[in-house]
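A.B. asks: For reference, the sequence and a predicted model appear below.
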Amino acid sequence: MPRLAIALDLGGSQVRAALVGSDGTIHQRFSEPTKADGSAEAVIAQLAHAARMVSREARDGALPGVGLSSPGPLDTESGMALGLPTIKAFMDVPIRALLEAELGQAVHIENDAIAAALGEWRFGAGKGLRHLVYVTVSTGIGGGVVADGRLLRGRRGLACHIGHMSIVKDGAQCPCGARGCWEAYAAGSAFAARAAERFAERSSPAEVFAAARRGDRVAQSLVDEEADYLGCGIVSLLHLFSPERIIMGGGMSRDLDRLLPGIEAVVLREAMPAYRDVPIVAAGLGSNSGLLGAAALVFESTP
Ligand SMILES: [Zn+2]
């Protein structure tokens, strides 16, 4: 009989919850818009409510273990949110302690991209591997690394904020406050900004990809440029972590087939020969990587 866990995924736009079996099956779901302008207490209450909504299905009456995937930077040793860019009130908030008080039980928390890497490792495109790098590209860029069969967490659990690798000295402004980060060039928001300049007013990345598929040259040049920027960061990730596979998630990965030839061309050109044969694949769990990773936090903590 598979065990059960409650998985919570705090996003900038949605709070999601699921009751998940230890085999990765999602039994029950709940979601609602995040009160992103509300107080930290309001968002914590929302998370607790979401947990209770999906736990009704649990058989024995007691609340199953709870795992939370939250945007970072999140100090997972102290349980403090250190300032979530998407949710204003979360600056130095003891998110774990508040949620534990609300639910009356222990809660496992993780930075969202690390949770997603764990989800893909346990249930998705990274199953069975010992070394992988997960890269999520949407509005921003995040990541998670499995090295030598372990999830890499780093000091205070703050490892793998790969979007803030510096790729250009004194380069483009990044939302983190620095200049020249990979995210400032390769994230979906940077892609959309270039599209607005050169393609058509207010084109979403999805519209640019659709136009490229129809043979539009300007759209294709934007896609090629995006692939170039993505490839640049991926070459560094290959050299740093020597993964068996690079797994791409986030909204931009929906058009990975369109980006991949360009990314692979950069890898062939710029990675050292020993790193050039690493497959780059799409996430296996789609938008559920983080949710299933949050559940995996619970299963791994209580074997
Ligand atoms: Zn940055």
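C.D. replies: Arrived safely, thanks for sending.
A.B. asks: Please make it C-alpha for all contacts and neighbour counts, starting now.
C.D. replies: Noted.
A.B. asks: Can you tell me what sits against the strand or helix carrying Ala115?
C.D. replies: Using DSSP states H and E, Ala115 sits within helix 112-123. For helix 112-123, the surrounding residues in contact (CA atoms under 8 Å, 6 or more residues apart in numbering) are 9, 23-24, 69-72, 126-129, 132-136, 142-146, 151, 153, 160, 283-285, 288-294, 296-297.
A.B. asks: Can you say which of those residues are buried?
C.D. replies: 9, 24, 69-72, 126, 129, 132-136, 142-146, 151, 153, 160, 283-285, 288-294, 296-297 (16 or more other CA atoms under 10 Å).
A.B. asks: ok, for Lys35, nearest residue in space, not its chain neighbours?
C.D. replies: Val43 (6.1 Å; CA to CA, 6 or more residues apart in numbering).
A.B. asks: so what's the one you found up against?
C.D. replies: Thr34, Lys35, Ala36.
A.B. asks: For Arg52, see how far away the closest residue to Gly286 other than its chain neighbours is.
C.D. replies: Excluding its sequence neighbours, the residue lying closest to Gly286 (CA to CA, 6+ apart) is Gly249, at 7.0 Å. From Gly249 across to Arg52, the span is 28 Å (CA to CA, to the nearest Å).
A.B. asks: The two: which is more packed in?
C.D. replies: Higher neighbour count among Gly249 and Arg52: Gly249, with 29 against 17, using other CA atoms under 10 Å.
A.B. asks: hey, what's the more buried one bridged with?
C.D. replies: For Gly249, the beta-bridge partners under DSSP bridges are Thr136.
A.B. asks: got a list of what it touches?
C.D. replies: The contact partners of Gly249, by CA under 8 Å, 6+ apart, come to Tyr134, Val135, Thr136, Val137, Ala282, Ala283, Gly286, Ser287.
A.B. asks: Which parts of the stretch 201-303 of the chain are helices?
C.D. replies: Counting by DSSP state H, counting those that start in this stretch, the stretch 201-303 of the chain has helices at residues 205-213, 217-241, 256-270, 289-301.
A.B. asks: Can you tell me which of these is most buried?
C.D. replies: Mean neighbour counts were compared across the helices of the stretch 201-303 of the chain using mean count of other CA atoms under 10 Å; the top stretch is helix 289-301, at a mean of 26.
A.B. asks: export that helix as CSV, just CAs?
C.D. replies: Below are the C-alpha coordinates for helix 289-301, written out as CSV (Å, rounded to 0.1, in the frame of the first residue of the first chain):
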residue,chain,number,x,y,z
SER,A,289,7.6,18.6,-10.8
GLY,A,290,7.5,20.9,-7.7
LEU,A,291,4.3,19.3,-6.3
LEU,A,292,5.7,15.8,-6.5
GLY,A,293,9.0,17.0,-5.2
ALA,A,294,7.3,18.4,-2.1
ALA,A,295,5.7,15.0,-1.5
ALA,A,296,9.1,13.3,-2.0
LEU,A,297,10.5,15.5,0.8
VAL,A,298,8.1,13.8,3.2
PHE,A,299,8.8,10.3,1.9
GLU,A,300,12.5,10.8,2.1
SER,A,301,12.4,12.1,5.7
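A.B. asks: wait, doesn't Leu10 sit right on Arg16?
C.D. replies: Yes. In this structure Leu10 lies within contact range of Arg16 using CA atoms under 8 Å: 6.5 Å.
A.B. asks: all strands for the chain, in order.
C.D. replies: Secondary structure of the chain (DSSP state E): strands at 4-10, 14-21, 26-33, 65-70, 74-75, 80-82, 91-93, 107-111, 132-137, 141-147, 150-151, 245-249, 280-282.
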